[in-house]
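Trainee: this is the structure alone, sequence omitted:
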C-alpha cells in the first residue's frame, strides 16, 4: 500500500524527518486503528500530511490490512461503492443494484479488521462522507478510516453532524515554525546538513515558508545548482538562482 518513502518529487537521499506533527499523527493513527474509529487529518497542501500518514500506516503493516482509496471531483455514493469494491479486491463483477452492493460491502468489511486511508478527502461531498458513516455504523463491520485532505475536508465534515460526531480524532497540520525549520531541514537532505543556519532561514523566508513541499522543490533545484557549479555548499547566490525557478 505504501512506498518505503513518499516524496512530492523524486529526491535522492531525502529522509523522512520525525517532526512533532508526524509524532502526533503516529499516536493518533495508532489509537484510531485500535479503536476501529474514524479520524480526520487536514491542512493546507504541502504541509506533509500524506507523507506522515503513509509513514505511520506503513509501520502498522503487515499486521494491519491497510487499503488506500483516492477520489476526485465530488464522488457520489455509487462511486464510493465502486472504489471500495476495487480496494477490497473483491471477485467478480460489481452488483448492479445498490442494496445488493451494500450487502456485499458490509459482508466483506465484517470478515476481518481493516484500515482505509482516504486521501484527497477534500474532494468528498456530504453524500460520499455519509456513505462511509453508513458502512461504519453497521455493527458487524470492523474497519478504521483515516480521512486526509485539505481544509475543504474539515469544512465538509463539520457540516455533517452525524458524521462529525463520529470522528474520533481531528488533527490539523500547519507549516513548520522557523525554529522547526532549523531543526528539521538539515536532517531532511544532505545539501542542508552543513548549510549556514542564516542561509536556511533566508531560504525559508523567501521561498519555502515552512511548507515541506516547497522545501522539496527547492532542494531539488539546489541539487541541480550544486552539480552544475561544482560547489560543495549552499550559498545565497545558489538560493537566488533556485528562487528564480520557483517564481
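Mentor: Thanks, I have the structure now. Source: prediction; values computed, not measured.

Trainee: by contact count, what packs against the lengthiest helix in the chain?
Mentor: For the chain, the longest helix by residue count, based on DSSP state H, is helix 212-229. Helix 212-229 sits against helix 178-188, helix 236-246, with contacts defined as 3 or more CB pairs under 8 Å, 6 or more residues apart in numbering; DSSP states H and E. Quick note: C-beta positions are derived from backbone N, CA and C, even for glycine.

Trainee: again, only this time at 7 Å
Mentor: Contacts defined by 3 or more CB pairs under 7 Å, 6 or more residues apart in numbering; DSSP states H and E place helix 212-229 against helix 236-246.

Trainee: pull the residues that contact the helix it packs on.
Mentor: By CB atoms under 7 Å, 6 or more residues apart in numbering, the list of residues contacting helix 236-246 from outside reads 199, 202, 203, 206, 207, 217, 218, 221, 222, 225, 231.

Trainee: same check, this time on stretch 140-152
Mentor: The contact list for stretch 140-152 (CB under 7 Å, 6+ apart) reads 29, 32-33, 36-45, 49-50, 53, 106, 109-110, 112-122, 132, 135-136, 153.

Trainee: tell me how far the longest helix of the chain lies from the chain's centre.
Mentor: 23 Å (CA atoms, centre = their mean, to the nearest Å).

Trainee: what average pLDDT does that helix get?
Mentor: Across helix 212-229, the average pLDDT comes to 95.

Trainee: what about the contacts of stretch 140-152, which are in strands?
Mentor: Per DSSP state E, strands hold the following members of these: 38, 39, 40, 41, 42, 43, 114, 115, 116, 117, 118, 119.

Trainee: now the two most distant members of those residues.
Mentor: The span of these, defined through CB to CB, is set by 43 and 114 at 25.2 Å.

Trainee: so which residues of the protein form helices?
Mentor: Along the chain, the segments classed as helices by DSSP H run 20-35, 49-60, 77-87, 98-109, 126-137, 151-159, 161-164, 178-188, 197-203, 212-229, 236-246.

Trainee: in ChimeraX, how would I select the buried members of the contacts of stretch 140-152?
Mentor: Command for ChimeraX that selects the buried part of these, burial taken from 16 or more other CB atoms under 10 Å:
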select :29,32,33,36,37,38,39,40,41,42,43,49,50,53,109,114,115,116,117,118,119,120,121,122,132,135,136,153
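
Trainee: quick one on the thing from earlier: so which of the contacts of helix 236-246 comes closest to residue 67?
Mentor: Nearest to residue 67 among those, counting by CB to CB, is residue 217 at 30.0 Å.

Trainee: that closest one: neighbour count?
Mentor: Under the neighbour criterion other CB atoms under 10 Å, residue 217 is assigned a count of 20.

Trainee: same check, this time on residue 123
Mentor: Residues lying near residue 123 (other CB under 10 Å) number 19.

Trainee: ok, for it, nearest residue in space, not its chain neighbours?
Mentor: Taking CB to CB, 6 or more residues apart in numbering, and ignoring the residues beside it in sequence, residue 123 has residue 71 as its nearest neighbour in space, at 4.9 Å.

Trainee: enumerate every residue touching the one you found.
Mentor: Counting by CB under 7 Å, 6+ apart, the residues that residue 71 touches are 83, 120, 123, 124, 128.
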